[in-house]
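Q: Structure, please.
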Amino acid sequence: MDTAQDERSLLGKISWHYYNDGLTQKEIGERLGLSRLKIVRLLKRARAEGVVEIRIASDIRLNTELARGLEERFQLQEAIVTDSGLRERPLLRRRPLAQPPAGGDRHGAYGLQHPRAYDPPQA
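A: Prediction:
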């Protein structure tokens, strides 16, 4: 076996121990006679060379991106966005919070409201 194949096998072995077996970098190093720092570098290399691919479910990614946007927009320490599980209609809807002044800006007076929230009768 050539050196490149040996190195790829080592990357695979280290990655398997770390991601599937749940061993720490220290434990892997002790098993293989390598330093923890060397294991860290090899794990990074395994990702860079495509030995390890990390995928995040699209709904998780979307929720994370939405939460990050809310945190930035409203200067929040943390925002948590979850899936409601309801697919037939959105959990929140956009509706005017107040009537804009005559001839005024109609773009900033909106908020989110639960669809079953009480809507007062219109006069």
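Q: And the helices in this structure, which stretches?
A: Using DSSP state H, the helices found in the chain span residues 3-15, 25-32, 36-48, 58-74.
Q: With respect to residue 83, which of these lies nearest?
A: Residue 83 lies closest to helix 58-74 among the helices of the chain, at 5.7 Å (CB to CB). (Glycine included, C-beta is placed from N, CA and C.)
Q: Residue 81: which of the helices of the chain is closest?
A: For residue 81, the closest of the helices of the chain is helix 58-74, at 4.3 Å, according to CB to CB.
Q: which residues sit against that closest one?
A: Contact with helix 58-74 is made by 56, 76-83, as judged by CB atoms under 8 Å, 6 or more residues apart in numbering.
Q: repeat that for 6 Å
A: Counting by CB atoms under 6 Å, 6 or more residues apart in numbering, helix 58-74 makes contact with 79, 81, 83, all of which sit outside it.
Q: Can I get the residues you listed in CSV including neighbour count?
A: As requested, the contacts of helix 58-74 are exported to CSV (neighbours: other CB atoms under 10 Å):
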residue, neighbour count
79, 16
81, 14
83, 11
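Q: Flag whichever of those scores worst on pLDDT.
A: When the contacts of helix 58-74 are compared by pLDDT, residue 83 scores lowest at 71.
Q: Low-confidence stretches in the chain?
A: 1, 58-59, 84-123 (pLDDT under 70).
Q: quick one: which of the contacts of helix 58-74 sit in strands?
A: Among those, no residue falls in strands (DSSP state E).
Q: could those residues be laid out in CSV, adding distance to residue 2?
A: Below are those laid out as CSV (distance: CB to CB, whole Å):
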residue, distance to residue 2
79, 51
81, 49
83, 48
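Q: just those now: which is nearest residue 5?
A: Taking CB to CB as the measure, residue 5 sits nearest to residue 83 out of the contacts of helix 58-74, at 43.2 Å.
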